[in-house]
Each structure stands twice: as structure tokens, then as C-alpha cells.
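> Give me a model of this one.
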Amino acid sequence: MFVQDSTTELWTEGNVKCVLVPHGPNADVELRNAAGSAFLRKTAPSRQAGLNEAEYLRLLLRARERALPDRELKPFALVIEDDRDNCDALSQALRISGMRVLGCRSGAEGLCLAHELVPDLVVLDYRLPDVTGAEICRRLRDDPETALTPIIAVTAAPETLRAAGCQADAVLAKPCELDTLLAAARLFVRHLAGRPDAAL
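Here you go, the predicted model:
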């Protein structure tokens, strides 16, 4: 939905509206109050980076609503990504940040592992060889054991994922800086501190 000719409204939370304003190759992400005045503005190097920044800001606004589990073990993440290099990069970044991680490369295997192990966080891609990321989200949300498990989708097709009714807590666009993924993960799990300097 377009607010002005070149300004795209991304989301609204209460009285806060987030818009994307393109500036050549760059994009400004603005948070605006009910009167339409910008009270926060961040410049991103590309539209995709701006979309990821907007998603992170949305998560920050919702962070107070979530009660984080208090566990003695390190948090456990399940990564569902069919590309071996991406799966390894995501898994390694989450391990460095202080999580236990298990990666798999098919949706069916990911669903089985999620039901058996009940992870603290699921990170998944949209395009998988057997089941879409949106379908995995739906099945996890329909199961009482995994209904509240935080899900972060990292995908080259964020609009497709949202249009398919994906119920992920966050949808990050590829290419996604690993720091951005970890910043989002920190909003769902405790004791994460790693800062790998790479992009997925």
C-alpha cells in the first residue's frame, strides 16, 4: 500500500507507522507517530536492507509482549535450509552467538525434528525441495507443542512468503547480514552475544 508516490507503508503497530522512502540506491526506514511526523529514521544501503531493518524495528516494538523461557541449557535453534552453504552459515552464526544448533535440508525432516525436539527458535527458508516455508509455519502453529515457537524466515522471496499466509514471527530478505539475523534471534532467546561479520 502506497502512502505517497514513492513512500511505501510497511506496517503499523498501535500509533506507530513504519514507511520505506527510497533515495536512489538507498532507502530510509522511518517510524512515524499518529500525526505523521517521523521520530526515527535509519538509512539502509538498499531496499532489501531497508525491509530487514523495518522488520527488526517491528520486532523491537513487540519484544515487551513476549515472555522468554528461563532454561538452564543454552537455547536450541533448528535451521531448515536446503542450500548447504546457507544452512552451514546460519548454523555457525547461531552457534557463535551461544546457541545449540541443528541444521537440516528438507521441510519434512525439519517438521519431524521440530516436533521431537521442540526448539527455542526455528530459522527457515521459503523454497524447500518438498514443503514450502509457509506450510511448515502453518503446521508448527497448528501443533500445541510448537505453536509458540518463534520462527524467523530468511528468504529471497519475502513478498511471496507473506502472500502465502506465512505465520513467521519475522521475515528477513536475502541477502541478509548475519548480524541482522542474530539481532532478531536475540529478541526471542537469552544470552546471545556473537557478531559474525558476513552476509547470507
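> Next up, the contacts around the residue lying farthest from the centre of the chain.
Within the chain, the residue lying farthest from the chain centre (CA atoms, centre = their mean) is A35, at 28.9 Å. Residues near A35 by CB atoms under 8 Å, 6 or more residues apart in numbering: none. For glycine as for every other residue, the C-beta is placed from the backbone atoms N, C-alpha and C.
> now C166, what's its secondary structure?
coil (DSSP: H, G, I helix; E, B strand; the rest coil).
> quick one: it and R141 touch, right?
No: counting by CB atoms under 8 Å, R141 is not a contact partner of C166; they are 9.9 Å apart.
> So for those two, which residue has more residues nearby?
Comparing C166 with R141 by other CB atoms under 10 Å, the one with more neighbours is C166, at 23 against 16.
> Could you tell me the per-residue confidence at that one?
In this model, C166 is scored at 82, pLDDT.
> Mind splitting the protein into its structural domains?
8-65, 76-186 (automatic domain parsing).
> on that earlier part again, tell me the secondary structure at the residue farthest from the centre of the chain.
Assigned with three-state DSSP, A35 falls in the coil class.
> Distance of C166 relative to L20?
20 Å (CB to CB, to the nearest Å).
> residue contacts, L172?
L172 touches 52, 55, 152-155, 158, 180-181, 184, counting by CB under 8 Å, 6+ apart.
> Let me fix that, I meant to ask about V131.
106-108, 111.
> how about the one helix or strand L111 maps to as CSV, C-alpha atoms only?
L111 belongs to helix 107-117 when assigned by DSSP states H and E. Provided in CSV are the C-alpha atoms of helix 107-117 (Å, rounded to 0.1, in the frame of the first residue of the first chain):
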residue,chain,number,x,y,z
GLY,A,107,10.9,-29.4,5.2
ALA,A,108,9.7,-32.9,6.2
GLU,A,109,12.8,-33.6,8.2
GLY,A,110,12.5,-30.1,9.8
LEU,A,111,8.9,-30.8,10.8
CYS,A,112,9.8,-34.1,12.4
LEU,A,113,12.8,-32.6,14.3
ALA,A,114,10.7,-29.6,15.5
HIS,A,115,8.0,-31.9,16.9
GLU,A,116,10.5,-34.3,18.5
LEU,A,117,12.9,-31.6,19.9
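> Would you map the helices across the chain?
All helices of the chain, identified by DSSP state H, fall at 47-62, 84-96, 107-117, 133-142, 158-163, 178-186.
> Need the contact partners of the fourth one.
Taking contacts as CB under 8 Å, 6+ apart, the residues outside helix 133-142 that touch it are 80, 107, 110-111, 114, 122, 124-128, 146-147, 149, 151, 153, 155, 161, 164-168.
> Sounds good, over and out.
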